[in-house]
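S.K.: Just to be clear, the model below is a prediction. Sequence and coordinates:
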Amino acid sequence: MLTKKEPNMLNEKIVMLNEELDKTLVKQHPSSGFDYLEGYTVINTANKIFGYFGWSSIVQTELMREYKLPPSDKGTTRGIVMVPVTVEIYDGNTIISKSDVGTCVWNGEDQIETAIKGAATDGLKRAFRQFGKRFGNDLYEKDETAPTVGVAPGFQKQQNIANEFQMDATQKPPLCEKCGAPMTLRKSSRGPFWGCSNYPNCKSIVNIDEVDRFGNRLDGSGPKNSPPQPQAPQPDIPQITPTPQEEPVDIEDVPF
């Protein structure tokens with residue numbers, strides 16, 4: 001039980017977490033306009049709020065996954081690294097855990113180690129964002145599952161851009177010709193464009209007037225999106241429950 005002389009450290013941390021994010025810490029990509037916090041900024045904020053010995057992060061390398069992407073036009077091998085990261089906060093005898101998955105794209109096998117480090121940093125930032133706006137939660141998409149022209153994150157920004165330029169709501173995003181990821185709708189001083197959703201690891205862009213409503217390049221280059229195909233009605237097929245098969249009996253197991 002807390003006494004009057006014993007400060008409630010947890011409440012003090014909650015107060016700090018509820019403070020407004022220092023806007024000078026927010027970085028913005030010059031082309032996409034997306035806001036983000038850098039990894040060292042998140043670590044410095046965690047040290048300030050929880051203390052140097054009040055938190056730790058666990059990179060679950062045993063659960064790391066790597067997915068190969070189609071090679072580039074120059075034949076460079078590519079892939080995506082995904083790794084879960086757990087952040088633990090210590091408050092007396094209490095441990096508060098938050099987890100998320102970080103991703104990073106690599107181009108060329110000599111970049112795999114760098115991509116693993118990038119995925120770990122991304123997972124750390126995504127885990128910490130669950131502690132609120134001091135860790136940039138408001139910079140992330142609020143509804144990453146909602147349908148949109150483009151791909152989350154940045155749903156609301158993409159929706160606003162689409163409405164501003166009266167774009168077709170059924171527009172499909174093109175696929176990045178460098179890494180194969182779906183692209184996101186972004187805006188610069190010159191107007192809207194498609195940028196790779198794996199930014200800043202991939203900085204490929206495409207002009208909106210270079211793709212059709214299915215996201216395919218008008219000149220025939222790049223990865224292809226397929227238009228939706230009508231599904232033929234399937235006849236009702238009765239389900240047949242298979243007869244259970246008895247396990248074979250070894251004659252040596254029979255007791256006689």
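M.R.: On my side now, so go ahead.
S.K.: Low-confidence ranges, the stretch 51-200 of the chain, go.
M.R.: Residues of the stretch 51-200 of the chain meeting the criterion pLDDT under 70: 73, 141-160, 162-163, 168-170.
S.K.: where do the strands sit along it?
M.R.: 55-59, 65-69, 78-91, 94-107, 183-188, 191-196 (DSSP state E, counting those that start in this stretch).
S.K.: contact partners of the next helix or strand after the last one?
M.R.: What that stands for is strand 191-196. Going down the chain from strand 191-196, the next helix or strand is strand 205-207, by DSSP states H and E. With C-beta atoms under 8 Å, 6 or more residues apart in numbering as the test, strand 205-207 has contacts from 31, 174, 183, 193, 194, 195, 196, 217, 222. For the C-beta atoms, the positions are set from N, CA and C on the backbone; glycine is no exception.
S.K.: So which bits of strand 205-207 are buried?
M.R.: 205, 206 (16 or more other C-beta atoms under 10 Å).
S.K.: Paired strands for that strand, with orientation please.
M.R.: Using DSSP bridges, strand 205-207 pairs in its sheet with strand 191-196 (antiparallel).
S.K.: Which single helix of the protein contains the most residues?
M.R.: helix 112-128 (DSSP state H).
S.K.: Can you check what angle separates it from strand 65-69?
M.R.: 120 degrees (axes from the mean of the first three to the mean of the last three C-alpha atoms, to 10 degrees).
S.K.: Can I get the strands of the stretch 51-200 of the chain in a markdown table including mean neighbour count and distance to residue 37?
M.R.: Shown next, in a markdown table, are the strands of the stretch 51-200 of the chain (neighbours: other C-beta atoms under 10 Å; distance: least, C-beta to C-beta, whole Å):
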| stretch | mean neighbour count | distance to residue 37 |
| --- | --- | --- |
| strand 55-59 | 17 | 15 |
| strand 65-69 | 13 | 25 |
| strand 78-91 | 20 | 14 |
| strand 94-107 | 18 | 14 |
| strand 183-188 | 22 | 19 |
| strand 191-196 | 22 | 19 |
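S.K.: In JSON lines, list those strands along with distance to residue 21.
M.R.: Converted to JSON lines, these look like this (distance: least, C-beta to C-beta, whole Å):
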{"stretch": "strand 55-59", "distance to residue 21": "18"}
{"stretch": "strand 65-69", "distance to residue 21": "31"}
{"stretch": "strand 78-91", "distance to residue 21": "18"}
{"stretch": "strand 94-107", "distance to residue 21": "18"}
{"stretch": "strand 183-188", "distance to residue 21": "22"}
{"stretch": "strand 191-196", "distance to residue 21": "24"}
